[in-house]
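[1] What follows is a predicted protein model with its sequence.
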Amino acid sequence: MCPVPIPQTILTRKTTSALFLVLTIDDGGEDAVREVLGDLPTLTRAVSSRAPEAALAAIASIGSAAWDRLFDGPRPRSLRPFVVYQGEVHTAPATPADLLVHIKADRMDLCFEVGRLVTDALGDAVTVVDEVHGFRYFDLRDIIGFVDGTENPVGQAAIDAITVGDEDPAFAGGSYVAIQRYVTDLEAWNALSVPEQEDAIGRTKFDNVEMDDDVKPTNSHIALNVVTGADGEEIDVVRDNMPYGDASGSGERGTFYIAYSAGPDVTEEMLRKMFVGDPPGNYDRLLDFTTAVTGAQFFTPTIDFLEDLPDPPTAPADEVDGDTATSPDDRVSTSERSEPDPPTDGSLGIGSLH
Ligand code: HEM
C-alpha cells in the first residue's frame, strides 16, 4: 500500500507571530536551495523541540519558474505564475518570488531563529526580496480593527480546502499558496465612520457579526469574496493573514495576505472579483484604503517530497515565463488571459476542486 504523503504543517492554531521570507534564487544557487529545502523539516524540529508549546511551523513553497530550475520530472499540474488583475482603479501586481518560507509560532524569537538559520544556510544562493514580521493584534484583528479569519474552514473542511488530491496524484498532499503584501492608509481608513467601515467589510466591527444579505453592500469585501463551484457550494481557502509594520506610520504598515488552497483557481477568482469587480467596476471598497504592493503564487509540496527531492534538472531549464510582470505591457488582465473567463455568476463553474 502506498503511504499517504505527509503535508507540511500548514494547519496550526492561529499563532501570535509570523515571519514571511520571500526569496529569489540567484543564478547558480539552485543546489544550495535544494539542500536547504531538504533540511527544513529537520531544522524546524531542532528549534521547535526547545519550545514545543509555541506551535512553531515553517512551510516552504516554490514558485512556477523556480520549479524547473530545481527539479527534473513532472510539475504540479496547476503551478503557474501569479495572475495580474488590473481593474479600472486598482491593480494586483505580480512581483519577483521564487521561494516562500512561512514561519509561524507563538514566539517571535523562534520565528527569527528559523529565519536566521534558513537564510544563513542559503547564503548568497538567494536574494531576500521581502521579509515581513507579522504580529497578532488584539482578538485576531487586522490593523483596520476588524477580526480577520472568522470564515476560515476548520477541521476536515480545512484539510479538504487546501489539499491536492487524486486530480494530481504525483503531488497529492500538497497545496497552492498565494501571497500579497498590502500597505494600508490608516489615516484615511480611520477617517471613515464605523458604519462606513462596516459597509466596506460586510461585518460589524465590534461584534464581528456578518451583515444580512439585504443590507450588505455588493462592493463589500466579504460579498465579493464568496466563490462557488458548479454545485453551488462555496469553495474555501485557508487564510493566515497577519498585520505588520511600523506603529508610527513613518514606514509601511498593513496586512500580509496569505491563503492556502487546493488549486490556484479559487484565489484567482477572488482577486478578479476584488480588483476587476463583480460585475466589472464594482470592485472591493477595502482597496480604496489598502494597496497591494506584492503578489506571488507557489506550490507547497509535502514533507515527503522535501525529504526525498526529485533529481535536479539534467539540462538548464528552458527559458520559462517569468513569475513576474516586468512592465505594464507584460501584465495579464482578465480580458487578456488566453483561457476563457470564469462565469460571471460568481461560480468557478469547475465543480469541486478535488
Ligand atoms: C488588506 C488585505 C485584507 C484584509 C485587511 C482582509 C480582511 C478581511 C476581514 C476583516 C474579513 C472578515 C472576517 C473573515 O471571515 O475573515 C475577511 C474575509 C475574507 N477575506 Fe479578506 N482581507 C484582505 C485581503 C483578502 C484577499 C486578497 C482575499 C482573496 C484573494 C481575501 C479573501 C477573504 C475571504 C475568502 C473572506 C471570507 C469571506 C466569507 O466567506 O465571509 N481577503 N477579510
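    Received it, and whenever you're ready, just let me know what you need.
[2] does any part of stretch 191-203 sit near the ligand?
    Yes. Stretch 191-203 lies within reach of the ligand by C-beta under 6 Å from any ligand atom, at 201, 203. The C-beta positions use only the backbone N, C-alpha and C, and glycine is treated the same way.
[3] what do you get for stretch 86-96?
    No. Counting by C-beta under 6 Å from any ligand atom, no contacts exist between stretch 86-96 and the ligand, the nearest distance being 7.7 Å.
[4] Pull out the buried residues from that stretch.
    Across stretch 86-96, burial judged by 16 or more other C-beta atoms under 10 Å covers 86-87, 90-96.
[5] ok, those residues vs the ligand, which is closest?
    Closest approach to the ligand among these (C-beta to the nearest ligand atom): Ala92, at 7.7 Å.
[6] does the closest one have beta-bridge partners, and which?
    Beta-bridge pairing for Ala92 (DSSP bridges): Tyr85.
[7] contacting residues for it?
    Ala92 sits next to 84-86, 180, 271, 274-275, 292, 295 when contact means C-beta atoms under 8 Å, 6 or more residues apart in numbering.
[8] Show residues contacting the longest helix along the chain.
    Ranked by number of residues, the top helix in the chain under DSSP state H is helix 30-48. Helix 30-48 is contacted from outside by 8, 25, 54, 56-58, 60, 62, 66, 69-70, 99, 101, 105, 110, 113-114, 117-118, 121-123, 125-126, 303, 306-307, 309, 312, using C-beta under 8 Å, 6+ apart.
[9] Could you pick out the residues of the stretch 1-150 of the chain near the ligand for me?
    142, 144, 146-150.
[10] now these: which count as buried?
    The neighbour count (16+ other C-beta under 10 Å) marks 142, 144, 146-148 as buried among these.
[11] buried sites along the longest helix of the chain?
    Per 16+ other C-beta under 10 Å, helix 30-48 contains these buried residues: 30, 32-34, 36-41, 43-44, 47-48.
[12] Export those as a markdown table, with columns for distance to Asp185 and pLDDT.
    Below are those laid out as a markdown table (distance: C-beta to C-beta, whole Å; pLDDT from 0 to 100):
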| residue | distance to Asp185 | pLDDT |
| --- | --- | --- |
| Glu30 | 40 | 98 |
| Ala32 | 39 | 98 |
| Val33 | 36 | 98 |
| Arg34 | 41 | 98 |
| Val36 | 37 | 98 |
| Leu37 | 37 | 98 |
| Gly38 | 42 | 96 |
| Asp39 | 41 | 97 |
| Leu40 | 36 | 97 |
| Pro41 | 40 | 95 |
| Leu43 | 38 | 96 |
| Thr44 | 36 | 97 |
| Val47 | 36 | 98 |
| Ser48 | 37 | 97 |
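[13] With distance to Glu198 added, can I get these in CSV?
    Output for these, formatted as CSV (distance: C-beta to C-beta, whole Å):
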residue, distance to Glu198
Glu30, 49
Ala32, 49
Val33, 45
Arg34, 48
Val36, 45
Leu37, 44
Gly38, 48
Asp39, 47
Leu40, 41
Pro41, 43
Leu43, 44
Thr44, 40
Val47, 41
Ser48, 40
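[14] burial measure for Asp308, as a count.
    Here the number of neighbours of Asp308 (other C-beta atoms under 10 Å) works out to 9.
[15] and it, how far is that from Ala94?
    Distance of Asp308 to Ala94, given as C-beta to C-beta, to the nearest Å: 31 Å.
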